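**Student:** Let's see this in three dimensions:
(one chain, ligands or ions: 1)
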Amino acid sequence: MSDSVDRQTLHDRLAPHGQEHLLAFWDELDAAGRSQLAAQIAAIDLPLIDSLYRGDVDQPDWAELSRRAAPPPAMRLAERLAGKASSLGITPAEATARGREALAAGEIGVLLVAGGQGSRLGFEKPKSLYPIGPISGATLLQIHVEKCRAIAARYEKSAPLYLMTSPATHDDTVAFLAEHDNLGLPDDDLLVFCQGTMPAVDASTGKLLLSEKGALFQSPDGHGGTVAALAASGAIEHMRRRGVKHLFYFQVDNPLAPICDPEFVGYHLLAESELTSLAVAKSAPEDKLGNFVLIDNRLNVIEYSDFPADVAQQLDSSGNLKFWAGSVAIHMFDVAFLEKSLTLKDSLPFHVANKKVPFIDPAGERIEPTKPNALKFERFIFDLLPHAARPIVVEYAEEDSFAPLKNAPGAPKDTPEYVQRFMFDQAHRWLAAAGAEVSPGVNVEISPLWALDAADVRQRVDRSTKLDKSQYLAPG
Ligand code: UTP
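**Tutor:** Below you'll find the model as predicted:
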């Protein structure tokens, strides 16, 4: 096929959608540039882009839905700490025993999403490679992998790690793992897979944006892209071979994620839930967390920006926030449920966000916008919630489950310093609970390989332990 025919074919495909400007620089491209652009254009679902730009995808009326929402079925933290069965009829001891059994049977896998661009943090490499360890300098990825290795040692059975990257993070992540011998994970316990991308359009015209004369601007298609990427990459096949039936899902920016905590796993299994979510109690109605609510017996997350203030402020009969359950993006998924969701139409709709996207203008100049100029399209994993049978929510203390690294130093929250303070504080609580003394002003960081949780710390220290200088507790 000659170049001119190629161009004509592409033009005929683009013109009905008003996108033929993508070929404006065709004559300047070499053969490789043309074939790259042609492949990118062939991969775009142009009618989908049209309808996303027109906004004719049904948007739920969250204000109306919120008014008939109820709090979700839940195991509250106070009940867990008191060792009581909640309305779910499951005690913490039963849940922990069941979770341990499933981990020892190798039925649990770990699903870590690390495809985001980390734009707020402004770190030049993927966020997974940020050296968050306050003393060790361990990367986020190392901390997560060490937890996986500690789980494998404890249960004498590994929980394979399914690590999702995107074209924005893939090569650096894979190179880092290769350089560091997979951070000690055996080959069959780690599967790295890459998520898909979506183009962006100019917000005022709907025209697709070019990042170079021969390349479309593309960005990762959101953490909701995980499900399609799992299937396309062969990860589901790997799970089948390994007998993995349930996945602990979390996000790379949270070093406090209690990966595969047996109690959490156990509630999921004993409640026969297809999808269990970890929640923290909101401290105020306006907290910037997604809200878990039950609508028509289905679990939903309503983003804080869509949740009406008067509903957020409602109190229950004890005077506490009625809608207390904030999402920290930690879930247990049944693998069978994820497979089923692939066949459900519209279970993961695209959401539209107005963002700053640099682009090549019609004169061939690169423009760096100073304010949002483009619409980006992303899927959100929590849109799966309403499709799950018997969903439940389990409350954890925020200080034991959630400290996300989102922002560059200087922001009020979710900065490296903020996350590191949470890491020190958790280590200090675990040490204090085991009877050890940490001198004032001393900071202690714990490697997951030294202790995965408070119970492990109790095996390592006692009342005679005194830590009077800052240190990293790690094996060897
Ligand atoms: P965020 O939406 O907070 O994005 O992702 P981010 O990349 O961390 O940061 P900003 O918004 O650009 O500053 C939450 C989690 O979801 C993952 C991220 O890697 C992070 O673990 N994610 C997000 C993906 O894996 N893919 C995506 O397309 C988007």
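
**Student:** Using CSV, write out every CA atom in the helix ranked longest in the chain.
**Tutor:** Secondary structure of the chain per DSSP state H: the longest helix is helix 416-433. The C-alpha coordinates for helix 416-433 follow below in CSV (Å, rounded to 0.1, in the frame of the first residue of the first chain):
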residue,chain,number,x,y,z
PRO,A,416,6.7,12.7,51.5
GLU,A,417,7.1,14.1,55.0
TYR,A,418,3.5,13.4,55.8
VAL,A,419,3.7,9.8,54.7
GLN,A,420,7.1,9.3,56.5
ARG,A,421,5.6,10.6,59.7
PHE,A,422,2.8,8.0,59.4
MET,A,423,5.4,5.3,58.8
PHE,A,424,7.4,6.3,61.9
ASP,A,425,4.3,6.6,64.0
GLN,A,426,3.1,3.1,63.1
ALA,A,427,6.5,1.6,63.9
HIS,A,428,6.5,3.4,67.2
ARG,A,429,3.0,2.2,68.1
TRP,A,430,3.9,-1.4,67.3
LEU,A,431,7.1,-1.2,69.4
ALA,A,432,5.2,0.5,72.3
ALA,A,433,2.6,-2.2,72.1
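
**Student:** Quick check: next helix or strand after it?
**Tutor:** strand 437-438 (DSSP states H and E).

**Student:** So which bits of the protein are right by the ligand?
**Tutor:** For the chain, the residues in contact with the ligand (CB under 6 Å from any ligand atom) are 113-120, 127, 164, 166, 195, 220-223, 225, 251-253, 378, 406. Every residue, glycine included, has its C-beta placed from N, CA and C.

**Student:** Buried subset of these, written for ChimeraX?
**Tutor:** Restricted to buried positions by 16 or more other CB atoms under 10 Å, the ChimeraX selection for the residues of the chain next to the ligand reads:
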select :113,114,115,116,118,127,164,166,195,220,221,222,223,225,251,252,253,378,406
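
**Student:** From the residues of the chain next to the ligand, which land in strands?
**Tutor:** Of the residues of the chain next to the ligand, the ones assigned to strands by DSSP state E are 113, 164, 220, 251, 378.

**Student:** quick one: residue 217 and the ligand, what's the gap?
**Tutor:** Per CB to the nearest ligand atom, to the nearest Å, residue 217 is found 14 Å from the ligand.

**Student:** on contacts alone, who are the packing partners of the longest helix of the chain?
**Tutor:** strand 437-438, strand 444-446, helix 454-460 (3 or more CB pairs under 8 Å, 6 or more residues apart in numbering; DSSP states H and E).

**Student:** Turn those into a markdown table, including mean pLDDT.
**Tutor:** Output for those, formatted as a markdown table (pLDDT from 0 to 100):
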| stretch | mean pLDDT |
| --- | --- |
| strand 437-438 | 97 |
| strand 444-446 | 98 |
| helix 454-460 | 97 |
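
**Student:** most tightly surrounded among those?
**Tutor:** Stretch with highest mean neighbour count among these: strand 444-446 (a mean of 22; mean count of other CB atoms under 10 Å).

**Student:** Quick one: residues in contact with that one.
**Tutor:** Applying CB atoms under 8 Å, 6 or more residues apart in numbering, the contact partners of strand 444-446 are 133-136, 423-424, 427-428, 430-431, 438, 457, 467, 470-474.

**Student:** Can you tell me which of these are buried?
**Tutor:** With burial judged by 16+ other CB under 10 Å, the buried subset of the contacts of strand 444-446 is 133-136, 423-424, 427-428, 430-431, 438, 457, 467, 472-474.

**Student:** Give me the next element, helix or strand, following the longest strand along the chain.
**Tutor:** Taking DSSP E as the criterion, the chain has its longest strand at strand 325-334. Next along the chain after strand 325-334, taking DSSP H and E as the criterion, comes helix 335-343.

**Student:** what distance separates the start and the end of stretch 218-230?
**Tutor:** End-to-end distance for stretch 218-230: 20 Å, by CA to CA, to the nearest Å.

**Student:** for stretch 103-116, that is, sorry about that
**Tutor:** Using CA to CA, the two ends of stretch 103-116 sit 29 Å apart.

**Student:** Next, give phi and psi for the residue in the chain that the ligand sits nearest to.
**Tutor:** Closest residue of the chain to the ligand, CB to the nearest ligand atom: residue 116 (2.1 Å). Dihedral pair for residue 116: phi -70, psi 160, per degrees, to the nearest 10.

**Student:** show me the contacts for the most centrally placed residue in the chain.
**Tutor:** The centre of the chain sits closest to residue 251, judged by CA atoms, centre = their mean, with a distance of 3.2 Å. By CB under 8 Å, 6+ apart, the contact list for residue 251 reads 112, 113, 114, 116, 223, 257, 329, 330, 404.

**Student:** likewise residue 452?
**Tutor:** When contacts are counted by CB under 8 Å, 6+ apart, residue 452 touches 147, 150, 151, 154.

**Student:** How is the first one assigned, secondary-structure-wise?
**Tutor:** Here residue 147 is recorded as helix under DSSP: H, G, I helix; E, B strand; the rest coil.

**Student:** Who is residue 377 paired with across the strands?
**Tutor:** For residue 377, the beta-bridge partners under DSSP bridges are residue 352.

**Student:** Determine the number of other residues adjacent to it.
**Tutor:** The local packing of residue 377 (other CB atoms under 10 Å) involves 22 other residues.

**Student:** Model confidence for it, exactly?
**Tutor:** The model reports residue 377 with a pLDDT of 95.

**Student:** Please apply the same query to the one 5 residues further on.
**Tutor:** With respect to pLDDT, residue 382 has a value of 94.

**Student:** need the contact list for the nearest residue to residue 359 once chain neighbours are set aside.
**Tutor:** Nearest residue to residue 359, sequence neighbours excluded (CB to CB, 6 or more residues apart in numbering): residue 209, at 4.1 Å. Residues counted as contacts of residue 209 (CB under 8 Å, 6+ apart) are 199, 200, 201, 202, 216, 217, 357, 359, 360, 374.

**Student:** can I assume the last one is in contact with residue 353?
**Tutor:** No. Residue 374 sits out of contact with residue 353 when judged by CB atoms under 8 Å, with a separation of 9.2 Å.

**Student:** Who has more neighbours out of those two?
**Tutor:** Applying other CB under 10 Å to residue 374 and residue 353 shows that residue 374 carries more neighbours, namely 23 against 13.

**Student:** Can you pull the phi/psi pair for that one?
**Tutor:** Note on residue 374: its backbone torsions stand at phi -140, psi 160 [degrees, to the nearest 10].

**Student:** Report the spatially nearest residue to it, omitting neighbours in sequence.
**Tutor:** residue 357 (3.8 Å).

**Student:** before we move on, what SS does the one you found have?
**Tutor:** Applying three-state DSSP: residue 357 is coil.
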